[in-house]
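> model the structure of this input:
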Amino acid sequence: MRPGDSEQGHFGLAAHDYTHSTRPTAGSLTWSPAAAESARGQVQAAYSDSELDSIARNCTLMEDNARKVERAMGKRMAAVALHPRVGSRSPRWSQA
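Model (predicted):
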């Protein structure tokens, strides 16, 4: 989100009026002046908008790939766990 962009709310919660805050820590207190200078445009941004977009797209791609691997591994673990039961019948089905 950039200065001047309209508020979009919280996508995951499907809430338009959402805010989140945390209590300040020692680290955030020392970082705050640098953030304020950057927000006022007094400091050159470390990344351009196109670089940030590229980084964000790459992070999303990597997260999607990790999710696919986790799902595949879950299926493999289930198959290994159920291997000893291959060919057996459920007691409920054998009554029919």
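
> for the rest of this, base every contact and every neighbour count on C-alpha atoms.
OK.

> can you map out the strands along the chain?
The residue ranges that make up strands in the chain, judged by DSSP state E, are empty, as it has none.

> residue ranges with poor pLDDT in it?
1-3, 7-35, 38-39, 93-96 (pLDDT under 70).

> state which helix of it is the longest.
In the chain, ranked by residue count with DSSP state H as the criterion, the top helix is helix 49-82.

> buried stuff in it?
Judged by neighbour count using 16 or more other Cα atoms under 10 Å, helix 49-82 contains no buried positions.

> how much space between Ile55 and Arg67?
Taking Cα to Cα, to the nearest Å as the measure, Ile55 and Arg67 are separated by 18 Å.

> so what's Ala78 up against?
Listed by Cα atoms under 8 Å, 6 or more residues apart in numbering, Ala78 has no contact partners.

> measure it to Val69 for me?
From Ala78 over to Val69 (counting by Cα to Cα), the distance is 14 Å.
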